[in-house]
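Undergrad: A predicted structure for the sequence below; I have some questions about it.
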Amino acid sequence: MAQGIRKVPANDKARFWQAIHSGHTTLDACRIAGVHPNTGYNWIKKSKVAKANADVAAIELTKHTRRQGGVQWEDAMDLAEAGDLPPAIPLDRLTPEARRGLEDFQFFREHYLGRVSAPWQVEAALEIVKSLDSEEKEFICLNVPPGAGKSTLFHDVAVWAIVKNRAIRVLIGSANQNLAKMYSRRIRETLERPNPMLADTELAKKGLAQDAQGCLSIDYGRFKPADKGALWRAEEFIVEQLDGNGLDNKEPTVRAYGIDAEFIGHRADLCLFDDVASTENARESTARDKLLERWDSMAEARVDPGGTLVVVGQRLGSGDLYAHCLNKVTYDLDEDDYDGEDVTTTNVLEKPEPTKKQKYKHIIYKAYYEDLDTGPKSRRLDAPAYPNGPLLDPKRLSWKDLSYLRSSNNERFRVIYQQEDLADETYLVDRTWITGGLGQDGVLYQGCIDNERLPEHIPPGLRAPVISIISIDPSPTQFWGLIWMLYQPEHNLYHIIDIQRTKLTAENLLGYNTTDGTYTGILQEWCERAQYLGYPVSHIIVEINAAQRFLLQHDFVRKWTAKWGVNILPHTTARNKLDQNLGIEAIIPTLARSGALRLPTMRGNWKTLALVDELCKWTRDKKNGTDLAMALWFACLHAPNLTTIKRPPRQWRPSWI
């Protein structure tokens with residue numbers, strides 16, 4: 001009987017090639033893998049033949065491309081990959097270098113990617129990957145100045161996460177689909193390359209890169225599946241799993257999306273968004289509104305429980321995406337104590353408010369740390385980087401470049417390179433003035449919130465005289481802002497009773513049914529309620545152009561004002577908006593600081609939240625989203641000059657008549 005030929009196990013073959021690529025001789029590699037030397041020499045011979053065929057195919061491919069202008073290269077790529085990369089290698093079979101790479105990010109970047117890491121890059125990467133161990137969803141906002149290597153770090157963290165866990169699902173997001181696809185393709189090429197990376201010559205001269213010593217597909221086993229039908233495209237791909245199975249039903253390991261693309265249905269363990277914000281969508285505009293809406297409804301919803309979302313980029317202004325994320329808060333709630341009751345009811349609102357915390361963990365790195373500056377030596381190119389020196393990266397962000405930026409455009413330097421939020425200097429109201437507490441200026445503010453009062457409710461113990469005012473900031477096409485306020489002149493208190501921010505027509509504001517002679521609209525409803533509560537409206541303040549167009553020209557409006565005893569007071573915005581004494585910046589901040597502005601509770605109340613949000617984000621150049629702030633200014637500007645309507649005197653009569 002002929003003796004059967006023993007089939008060499010795939011793991012033994014993988015051990016052999018791993019040893020060869022680690023620098024061992026053929027004989028040593030055969031001993032490590034436990035195979036006969038003749039078998040090892042045959043494998044080496046076949047590998048050389050395959051490489052020669054691949055070189056020939058590459059030459060033919062070049063000729064074919066020049067001749068026909070197209071690229072048909074699948075056969076050539078099959079030959080190029082005939083070097084028998086090992087399959088995915090389990091943890092207990094890894095080399096010492098490969099094991100260390102799983103735990104040591106700095107070593108991983110240096111040994112396998114040829115990077116020279118700055119301390120901040122290692123620190124940030126560890127923070128991101130550590131968050132994947134949480135059982136809850138984690139959100140991180142990483143702000144880094146441009147030129148510090150954040151996009152390269154973005155790539156390396158994704159690669160490291162995949163090497164550590166081949167089952168992970170990574171979503172790569174960027175400003176548009178093409179840019180996201182480029183990032184995804186770069187990750188794929190790093191994972192599939194069959195030899196160590198060579199450093200870029202210019203980067204190597206500057207000490208920013210070096211030749212890699214190891215190869216990921218050799219030391220950890222191939223990442224591109226051997227199955228030709230497996231998903232392996234630039235915008236999405238699946239890496240080979242440790243068990244070699246489960247690829248048919250496996251979600252993509254990496255999928256790329258532009259923030260403007262539809263990505264409903266795909267969820268991920270690690271969502272990395274790089275440079276989503278831009279100068280076009282950082283300021284008040286339709287582009288920014290669209291970005292924030294898609295971020296809230298689409299991007300944040302893609303992260304699975306136990307997963308992490310990271311948004312990376314440099315600050316661009318006080319209204320950019322990063323400020324939007326950092327303003328978000330969550331509540332620490334004990335789910336065992338929640339019994340399903342309506343959280344907007346009066347009883348629930350009277351309970352102590354749960355502890356709030358920021359939804360996004362803020363990781364911030366400045367280009368220059370002045371408190372660590374010890375003189376010219378600490379700012380040299382060869383000086384230690386942060387946290388041992390004042391410069392985040394002395395080579396990538398040198399003091400020569402930073403000092404020029406600092407002197408030529410200090411505001412841009414502070415925002416983009418120092419990641420400072422200049423909102424406190426440009427916004428109308430500091431949130432602490434509204435909510436109460438110790439401000440950044442060291443002053444303890446009492447706040448403007450009546451926590452026990454809901455919207456549409458009159459403050460208890462309100463004493464006459466009181467002036468009831470409705471203020472309107474209208475718009476033909478956008479949102480209207482309407483505020484009902486009670487003003488106490490003796491105490492100089494401005495009590496906000498009701499708030500509306502919505503799109504309206506003139507009829508929605510005040511309509512008239514000619515059939516039965518009845519009035520409809522918000523003004524009618526508010527005046528009826530004010531009359532019922534005992535504080536009838538005496539004045540309606542509206543911008544003069546809108547007053548002429550919507551109110552003053554209609555005869556039924558004049559009859560309505562006579563019926564309710566209301567005066568319509570036109571307001572001119574352009575003349576006084578930025579006035580030093582009468583402008584919005586002169587009146588509203590003063591009332592907020594002193595606590596003279598009184599608002600209903602913010603808990604479960606979108607009306608007060610909307611007004612506070614506008615006040616805390618109002619800037620001179622903001623065109624939209626200022627309706628309530630302007631309506632409040634109208635009311636507060638004119639209230640001190642108004643008097644209550646005098647009713648006709650009633651003649652005294654004995655009670656028995």
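TA: Okay, I see it.

Undergrad: could you find the closest non-adjacent residue to Asn492?
TA: Ranked by Cβ to Cβ, 6 or more residues apart in numbering and with sequence neighbours excluded, the top spatial neighbour of Asn492 is Ala596, at 5.5 Å. Backbone N, C-alpha and C define where each C-beta goes, glycine included.

Undergrad: from what I see, the one you found and Tyr494 are in contact.
TA: Yes: applying Cβ atoms under 8 Å as the test, Ala596 and Tyr494 come out as touching, 6.0 Å apart.

Undergrad: identify the bridge partners of the residue nearest to Val303 when sequence neighbours are not counted.
TA: Distance criterion Cβ to Cβ, 6+ apart; nearest residue to Val303, sequence neighbours excluded, is Leu309 at 4.5 Å. Beta-bridge pairing for Leu309 (DSSP bridges): Phe139, Cys271.

Undergrad: lowest mean pLDDT among the helices and strands of the protein, which one is it?
TA: Using mean pLDDT, DSSP states H and E, helix 74-80 stands out as the lowest-scoring helix or strand of the chain, at a mean of 41.

Undergrad: helix or strand right after that one?
TA: Read in the C-terminal direction, the helix or strand following helix 74-80 is helix 96-103, with elements assigned using DSSP states H and E.

Undergrad: gap between Glu300 and Ala629?
TA: In this structure, Glu300 and Ala629 are 27 Å apart, going by Cβ to Cβ, to the nearest Å.

Undergrad: more neighbours, these two?
TA: With other Cβ atoms under 10 Å as the criterion, Glu300 and Ala629 differ in neighbour count, and Ala629 comes out ahead with 24 against 18.

Undergrad: just the element for Ile469, please.
TA: Following DSSP H and E, the helix or strand that holds Ile469 is strand 467-473.

Undergrad: next SSE after that strand?
TA: Sequence-wise, the next helix or strand beyond strand 467-473 is strand 480-488, with elements assigned using DSSP H and E.

Undergrad: could I have whatever helix or strand Gly307 lives in exported to PDB, CA atoms only?
TA: Gly307 is part of strand 303-313 when elements are defined by DSSP H and E. Provided in PDB are the C-alpha atoms of strand 303-313 (Å, rounded to 0.1, in the frame of the first residue of the first chain):
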ATOM      1  CA  VAL A 303     -23.300  53.900  18.200                       C
ATOM      2  CA  ASP A 304     -24.400  50.700  19.900                       C
ATOM      3  CA  PRO A 305     -24.700  50.200  23.700                       C
ATOM      4  CA  GLY A 306     -21.200  49.700  25.000                       C
ATOM      5  CA  GLY A 307     -19.800  51.500  22.000                       C
ATOM      6  CA  THR A 308     -18.000  54.800  21.600                       C
ATOM      7  CA  LEU A 309     -18.500  57.800  19.300                       C
ATOM      8  CA  VAL A 310     -15.600  60.200  18.800                       C
ATOM      9  CA  VAL A 311     -15.700  63.500  16.900                       C
ATOM     10  CA  VAL A 312     -12.300  64.800  16.100                       C
ATOM     11  CA  GLY A 313     -11.300  68.300  14.900                       C
END
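
Undergrad: that strand packs against which elements?
TA: strand 138-143, helix 150-164, strand 268-274, helix 321-326 (3 or more Cβ pairs under 8 Å, 6 or more residues apart in numbering; DSSP states H and E).

Undergrad: could you dump the ones you listed into a markdown table and include mean pLDDT and mean neighbour count?
TA: Converted to a markdown table, the helices and strands packed on strand 303-313 look like this (pLDDT from 0 to 100; neighbours: other Cβ atoms under 10 Å):
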| stretch | mean pLDDT | mean neighbour count |
| --- | --- | --- |
| strand 138-143 | 94 | 22 |
| helix 150-164 | 93 | 21 |
| strand 268-274 | 92 | 24 |
| helix 321-326 | 88 | 22 |
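
Undergrad: contacting residues for the residue nearest to Val303?
TA: By Cβ atoms under 8 Å, 6 or more residues apart in numbering, the residues touching Leu309 are Lys137, Glu138, Phe139, Ile140, Cys271, Phe273, Ala299, Glu300, Arg302, Val303.
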